[in-house]
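Q: Here is the input, now give the coordinates:
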Amino acid sequence: MEPDKGWFLYLQKNHELFSLNISKLLAWSSLEKARRPSRPDFKLVNASCYPDGSMVPFGTRYMIVGSNPYIVGGQFGCPHPLLGYDYWPNFDVIACDPPTDDPCKSNLPMLSGPKFYPFVITLGNKIYVLSLQYRGYITETWPALFEVYNPESGKWKILPNPPFVVGKTVTSPAAHHYYALGHKLVVTNTWSVESYVFDTLEEKWEPWDSREDAFEIAYKPHLTLARFKDFLVAVHQGDFGDVLTYRLDSDGIPRPGRNLVELENIFLPPLDGCFPFITEINDAGLMCIVCSSGIEQSELWRLRVVVFQVSISGHLDNQFLCADIKAKGTYYFCQRIDPIIFPPVITSDRLDKHGNKPDVFWKKENLAQLDRELYDAWCSGYWGALKGSSSSSGHTQDGQGHGRGFKDGVENSLQQKKRARYDNAT
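A: Just a heads-up that it's a prediction; the model follows:
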């Protein structure tokens, strides 16, 4: 990579878009702790609005084209007078930060069909957008729920709709799980939990043969996958995240490999209700895991970013992956309603991009005093329960990896601190 360029991670939370300079985080982590300046933070790229200040549609997504973010899909909250949709679809693809005085020149061509809560994924330098929700009757190509954007031609192309919605009147979300596998997209039907694969080279759908489904989607959901040579890396969703590896055989079928136990500590203390994502940063095995979870008894949320390098070890006939953590950071934000966080996107751009944007997430040292005490109490309570200490948990394990008195212990600890603070003030 050129000296004046770096890697950026884009992350969508609800209708907001954030960016983290991964290259600066790596440089910061390589310094001795005594010499480290303030850790690089997330920047707010777009705050749920168009460049003119109007609010973005409900259920929209961001897509990154040439390291520039665009707003795509979603719906407005009024009926369409002609098309009869429950809501008016957004067909425009608007640049978040247009570089010219005329924002319209920076916008991309309009979509041909509605994209409600779409998934957005880049494969082979093309960007695929598939609507996960729609209400109404669906044919193979109408409405156009599935499209691909080619940055080279600057045009959208309509792709066939998933087979499990064709010829049906849909009233609820049709798909809920998806991931990329090489040049293929695997999508799971919400109603039957059956998976279908879209071959981006042949541009056609096929049932996902169960014998090829080494990922056991119904039991070990992987929201995203990363690839290094003939290996796939995935993160198991749950309180205790396992980073799993698979090796593609001669037929391209993934076969389970070793767990990357070198990374298991990044999920400790357990991230309750963890939603992990993994993505490649470059072709040399540099990867990134992003996971989020709430902190019990509070409106605080935790967002953890881990950058690691994978390498191949072992003999030619028995090769496996190893991992080495290069950088990590935990960030906090406050939100009353559970946030919706989407798979991250990695791009390269000039190092000073978004340098004038505000920092938006908190570091632990910037948390309010009470929130720091709650977090510390939560951690100490967990470790006490893990060690079976009656002084911290007071009870045996409940089968979920937590002590039965865990929540009560944390709450009592906080109440005591509140009372002590009140007594001192009076």
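
Q: show me where the stretch 101-250 of the chain has helices.
A: With helices called from DSSP state H, counting those that start in this stretch, the stretch 101-250 of the chain shows them at 103-106.

Q: Would you quantify the distance from residue 68 to residue 295?
A: As judged by Cβ to Cβ, to the nearest Å, residue 68 and residue 295 stand 34 Å apart. No exception for glycine: its C-beta is placed from N, CA and C like everyone else's.

Q: got it, and residue 22?
A: Going from residue 22 to residue 295 by Cβ to Cβ gives 25 Å.

Q: same question, residue 134
A: Taking Cβ to Cβ, one finds residue 134 at 36 Å from residue 295.

Q: And the two? Which one has more around it.
A: Per other Cβ atoms under 10 Å, whichever of residue 134 and residue 295 has more neighbours is residue 134, with 25 against 18.

Q: Grab the nearest non-local neighbour of that one.
A: What sits nearest to residue 134 in space, not counting adjacent residues and going by Cβ to Cβ, 6 or more residues apart in numbering, is residue 170, at 5.4 Å.

Q: just checking, the one you found touches residue 136?
A: Yes: if you go by Cβ atoms under 8 Å, residue 170 and residue 136 touch, sitting 6.6 Å apart.

Q: quick one: low-confidence ranges for the stretch 251-400 of the chain?
A: 268-273, 296-298, 336, 363-400 (pLDDT under 70).

Q: make it 80
A: Along the stretch 251-400 of the chain, the parts satisfying pLDDT under 80 run over 251-254, 267-275, 293-300, 317, 334-339, 355-356, 358-400.

Q: And the stretch 101-250 of the chain, by the same measure?
A: Where the stretch 101-250 of the chain drops to pLDDT under 80, the residues are 101-106, 124, 132-136, 168-182, 186, 188-195, 208-225, 236-241.

Q: ok, now how distant is the residue nearest to residue 134 from residue 113?
A: 13 Å.

Q: Counting neighbours, go ahead and name the busier of those two.
A: Regarding residue 170 and residue 113, a neighbour count based on other Cβ under 10 Å identifies residue 113 as having more, with 20 against 16.

Q: what about the closest residue to that one other than its chain neighbours, how many neighbours?
A: In space, and not counting its chain neighbours, residue 113 is closest to residue 144: 2.9 Å by Cβ to Cβ, 6+ apart. Neighbours of residue 144 under the rule other Cβ under 10 Å: 19.

Q: hang on, isn't residue 144 packed against residue 118?
A: No: here residue 144 does not reach residue 118: they are 11.6 Å apart, not a contact under Cβ under 8 Å.

Q: so residue 7 sits in a strand?
A: Yes: assessed with DSSP: H, G, I helix; E, B strand; the rest coil, residue 7 lies in a strand.

Q: Now tell me what touches the helix or strand containing residue 25 from outside.
A: According to DSSP states H and E, residue 25 maps onto helix 22-30. Helix 22-30 has contacts (Cβ atoms under 8 Å, 6 or more residues apart in numbering) with 6-9, 36-37, 39-40, 281, 288, 305, 307, 326-329, 346, 351.
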